[in-house]
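Peer 1: pasting the sequence and the predicted model now:
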Amino acid sequence: MKLLLVTAVKSYQKEAAKLFKESGIKAFSHADINGFKSLEDGSIQDNWFSGISENVKSVLFFSFANSKDVNVFLTKLDDFNSKLESDNPLKAAVLNIETFR
């Protein structure tokens, strides 16, 4: 059993949910989140709001799933991200579940 965590900008919420379904993962949850990206490293010319972090509307998906379905999901995710014309790819993390009841 694995715990699959996926983050996406809000505008890709439907696409992310579709990847779960296409991968055979029928049960998953999601929550709206705010992502923050520090812009402190850039020059003042590159950042109008100098020193303020950028707040991005995002979503977090999570599911307990078997390894096979998670692997299918990751393959589909890689394919989706490779065709994406954006600086905001979907990101996934997989954690092993020691105990599941």
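Peer 2: It's in.

Peer 1: which ones are touching Pro89?
Peer 2: Contact analysis of Pro89 by Cβ atoms under 8 Å, 6 or more residues apart in numbering lists Asn81. From N, CA and C alone the C-beta is placed, and that goes for glycine too.

Peer 1: let me know the pLDDT of it.
Peer 2: Note for Pro89: predicted pLDDT of 94.

Peer 1: burial measure for Glu98, as a count.
Peer 2: 6 (other Cβ atoms under 10 Å).

Peer 1: sec struct for it, please.
Peer 2: Three-state secondary structure (criterion: DSSP: H, G, I helix; E, B strand; the rest coil) places Glu98 in coil.

Peer 1: go through the lengthiest helix in the chain and flag the buried ones.
Peer 2: In the chain, assigned by DSSP state H, the helix with the most residues is helix 67-82. Using 16 or more other Cβ atoms under 10 Å as the test for burial, helix 67-82 gives 69-70, 72-74, 76-77, 80.

Peer 1: what ranges do the helices span in the protein?
Peer 2: 13-22, 67-82.

Peer 1: so where's the chain shaky on pLDDT?
Peer 2: The model of the chain has pLDDT under 70 over residues 38-53.

Peer 1: quick one on the thing from earlier: adding distance to Gly35, write the helices of the chain out as TSV.
Peer 2: Output for those, formatted as TSV (distance: least, Cβ to Cβ, whole Å):
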stretch	distance to Gly35
helix 13-22	13
helix 67-82	17
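
Peer 1: these: which one's closest to Val94?
Peer 2: Among these, helix 67-82 comes nearest to Val94, with 5.7 Å by Cβ to Cβ.

Peer 1: elements contacting the closest one?
Peer 2: Using 3 or more Cβ pairs under 8 Å, 6 or more residues apart in numbering; DSSP states H and E, the elements in contact with helix 67-82 are strand 2-9, helix 13-22, strand 91-96.

Peer 1: partner strands of the last one and their direction?
Peer 2: Read it as strand 91-96. Using DSSP bridges, the strands paired with strand 91-96 are strand 2-9 (antiparallel).

Peer 1: what sits against Thr99?
Peer 2: Counting by Cβ under 8 Å, 6+ apart, Thr99 touches no other residue.

Peer 1: quick one: it from Tyr12, how far?
Peer 2: Remark: distance between Thr99 and Tyr12 (Cβ to Cβ, to the nearest Å) = 32 Å.
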